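Student: The amino acid sequence is not available; the structure is as follows:
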């Protein structure tokens, strides 16, 4: 019984201390290959109605970051006429931040009995599990979206088909400074008793 309590206490402490870090502030080390595989395997232990696995994870290696930056720039210029020649260094910075980068895709199974919304929520649960698993391994994580997640051209480059989308970019690494707590919603503002 004592061991069960200690395990529960550790899990509660983990849940109470997980917070996102800024990807631009992450430094090495990031997860090595064995740790990264363990993090991803933990993330895949997620609610998945119908056992459809309606998500995919794409790893982006260090030596692929320049190619990612080039992809982002091409897509930005294609989607924003007149952007050629503009300062696109923010896209370079996005592509090169943090030691480790994963791209999570929502890939709903067409024609399945499970509604697409449920399949998309399952992909979101994988994302949260990635952050929890990274934290459990001693790393900090950041889940980013923005234009790079909503661009059809970028999504296609990561293998997205019709109806698929990028859930987010997951940057993992070591915090370069202590993480600050952010304001959280007040319990009574977001929880209420069902009144019938």
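Tutor: Good, I have the coordinates. The shown structure was predicted, so the numbers you read here are calculated from the model rather than taken from an experiment.
Student: ok, then the element right after the longest strand along the chain?
Tutor: Selection of the longest strand in the chain by residue count, based on DSSP state E, yields strand 165-175. Later in the chain than strand 165-175, the nearest helix or strand by DSSP states H and E is helix 187-190.
Student: mean confidence for that next one?
Tutor: Taken as a whole, helix 187-190 carries a mean pLDDT of 96.
Student: and if you look at stretch 129-146?
Tutor: Mean per-residue pLDDT for stretch 129-146: 97.
Student: Buried residues of that stretch, list them for me.
Tutor: Neighbour counts over stretch 129-146 (16 or more other Cβ atoms under 10 Å) mark 129-135, 139-144 as buried. From N, CA and C alone the C-beta is placed, and that goes for glycine too.
Student: where does residue 135 land in three-state SS?
Tutor: Taken by DSSP: H, G, I helix; E, B strand; the rest coil, the conformation at residue 135 corresponds to helix.
Student: Contacts only, for it.
Tutor: The contact partners of residue 135, by Cβ atoms under 8 Å, 6 or more residues apart in numbering, come to 14, 17-18, 141.
Student: Try it again at 10 Å.
Tutor: 14-15, 17-21, 39, 141, 172 (Cβ atoms under 10 Å, 6 or more residues apart in numbering).
Student: just curious, which of these is nearest to residue 113?
Tutor: residue 39 (30.9 Å; Cβ to Cβ).
Student: For residue 62, see how far away the closest one is.
Tutor: Applying Cβ to Cβ, to the nearest Å, the value for residue 39 to residue 62 is 17 Å.
Student: Which residue of those two possesses the greater neighbour count?
Tutor: residue 39 (25 against 12; other Cβ atoms under 10 Å).
Student: so where does the more buried one fall, helix or strand?
Tutor: Per DSSP H and E: helix 33-43 holds residue 39.
Student: Please enumerate residues in contact with that helix?
Tutor: Here helix 33-43 makes contact (Cβ under 10 Å, 6+ apart) with 29-32, 55, 57, 59, 100, 102, 104, 125-139, 141, 170, 172.
Student: Mind listing what's buried along the helix or strand just after that helix?
Tutor: Next in sequence after helix 33-43, counting helices and strands by DSSP H and E, comes strand 55-60. Applying a neighbour-count criterion of 16+ other Cβ under 10 Å, one finds 55-57, 60 buried in strand 55-60.
Student: cool, and stretch 35-54?
Tutor: 35-36, 39-40, 42-43, 46, 48, 52, 54.
Student: quick one: which of the residues you listed is nearest to residue 111?
Tutor: Set against residue 111, the nearest of the buried residues of stretch 35-54 by Cβ to Cβ is residue 52 (10.8 Å).
Student: what's stretch 16-28 in contact with?
Tutor: For stretch 16-28, contacts defined as Cβ under 10 Å, 6+ apart pick out 62, 93-94, 96-101, 128, 131-132, 134-136, 139-144, 169-182, 184.
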